[in-house]
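# below are the sequence and a predicted model; questions follow.
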Amino acid sequence: MTPRPPKLAEALRDGTARLAASGIDGAASDARILLMHALGIDRTGLLSRAGEAMPAEAVARYAGYLDRRAAHEPVSRILGRREFWSLDFALGPATLDPRPDSETLVEAALAAMPADRPLRVLDLGTGTGCLLLAVLHDRPAAFGIGVDRSEDAARVARDNARALGLSGRAAFAVGDWATALSGRFDLVLSNPPYIPDSDIAALEPEVREHDPRLALSGGADGLDAYRALTAALPALLAPGGTAVVELGIGQAADVSALFRGAGLDIVGTPHDLAGIARCVIATSR
């Protein structure tokens, strides 16, 4: 006898219990998002149709999503998308999953950029392009270049620019940091890899097993990428230009010292919503 398909409310209840039993924080929220995606409906639709039976194809799709989330694959990876700065970004295996904490960089960058000037922006280690494209979205006179070591990541960023209607003001290149670049920029952005290599094994599985290691590994002390940036920034920044670079926890003093040693002035180290110094703002003289 074919089992009766669950009603939407039952599917949500059972999915929440399944994820909670697997140790997933926010099990109810994740189960709801995955159920809505499996059904192709929004939250209002889920509430209004709670007593309806699920279509068979949606039952199978939802079960697959729950299996993946129970194995600690992030919801954003399952959906292939992440909202950042209220914009929709596609992800790929070669891109970091954008985090809300990184919006601190966008806020700092926009505060440093006049809205009406045609400024040149550079994003080193662009990944999905989220930092560059968020800034360009809010600064329509600006033009930007995103660089990533991964050709696949650069392709995802290029696709995101196209989807957001920004491809006319954004270009993407494959390269090792700034080695292939010439010219100077008014703003340089970067969310570099900053996890000490010995700490990667202890990261939560959502990060350790699903973010690319290249985007995580910061070397023995987590500062390798900052040393590369320290060497590159003086030649990349226009006079009076600004660099906004993401920080790992507890790295503000070390990175600030590196940048000062390269002749840059440290303007500030803004904190994220958790009170952590999340980026350093440096300017050229």
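Nice, thanks for sending it over.
# mind listing the strands for this structure?
In the chain, the strands defined using DSSP state E lie at 81-84, 87-90, 120-124, 143-148, 170-174, 185-190, 237-246, 265-268, 279-283.
# among those, which comes closest to residue 38?
Each of these was scored for nearness to residue 38 using Cβ to Cβ, and the closest is strand 81-84 (14.6 Å). In short, each C-beta sits where N, CA and C put it, glycine included.
# ok, which of the strands of the chain comes nearest residue 67?
Proximity to residue 67 (Cβ to Cβ) singles out strand 81-84 among the strands of the chain, at 19.2 Å.
# in the closest one, what's buried?
Burial within strand 81-84, assessed by neighbour count using 16 or more other Cβ atoms under 10 Å, is assigned to 82, 84.
# adjust the sequence numbering to begin at 14 for everything that follows.
Happy to do that; since the first residue is 14 now, the last one works out to strand 94-97.
# who does that strand pair up with?
Strands adjacent to strand 94-97 in the sheet, as given by DSSP bridges, are strand 100-103 (antiparallel).
# residues in contact with the partner strand: which ones?
Contacting residues not belonging to strand 100-103 are listed as 93-96, 111, 141-143, 146-147, 150, 169, 172-173, 176-177 [Cβ atoms under 8 Å, 6 or more residues apart in numbering].
# repeat for stretch 117-125
Applying Cβ under 8 Å, 6+ apart, the external contacts of stretch 117-125 come out as 98, 144, 147-148, 151-152, 200, 202, 204, 255, 257-259, 281, 283-285, 291-292, 294.
# if we can go back for a sec, buried subset of the contacts of strand 100-103?
Among the contacts of strand 100-103, those classed as buried by 16+ other Cβ under 10 Å are 95, 111, 141-143, 146-147, 150, 169, 172-173, 177.
# out of the residues you listed, which sit inside helices?
Judged by DSSP state H, the buried ones among the contacts of strand 100-103 include 143, 146-147, 150, 169, 172-173 as members of helices.
# identify the farthest-apart pair in those residues.
Spatially, the most separated pair among those is 150 and 169, at 17.0 Å (Cβ to Cβ).
# mind listing what's buried along stretch 115-125?
By 16+ other Cβ under 10 Å, the buried positions in stretch 115-125 come out as 115-123, 125.
# please save the CA atoms from that stretch in PDB.
As requested, C-alpha coordinates have been extracted for stretch 115-125 and formatted as PDB (Å, rounded to 0.1, in the frame of the first residue of the first chain):
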ATOM      1  CA  SER A 115      31.500  40.500   5.700                       C
ATOM      2  CA  GLU A 116      28.800  43.200   5.200                       C
ATOM      3  CA  THR A 117      30.900  45.100   7.700                       C
ATOM      4  CA  LEU A 118      33.400  45.600   4.800                       C
ATOM      5  CA  VAL A 119      30.700  46.900   2.500                       C
ATOM      6  CA  GLU A 120      29.500  49.400   5.100                       C
ATOM      7  CA  ALA A 121      33.100  50.700   5.600                       C
ATOM      8  CA  ALA A 122      33.800  50.800   1.900                       C
ATOM      9  CA  LEU A 123      30.700  52.800   1.100                       C
ATOM     10  CA  ALA A 124      31.500  55.200   3.900                       C
ATOM     11  CA  ALA A 125      34.900  55.800   2.300                       C
END
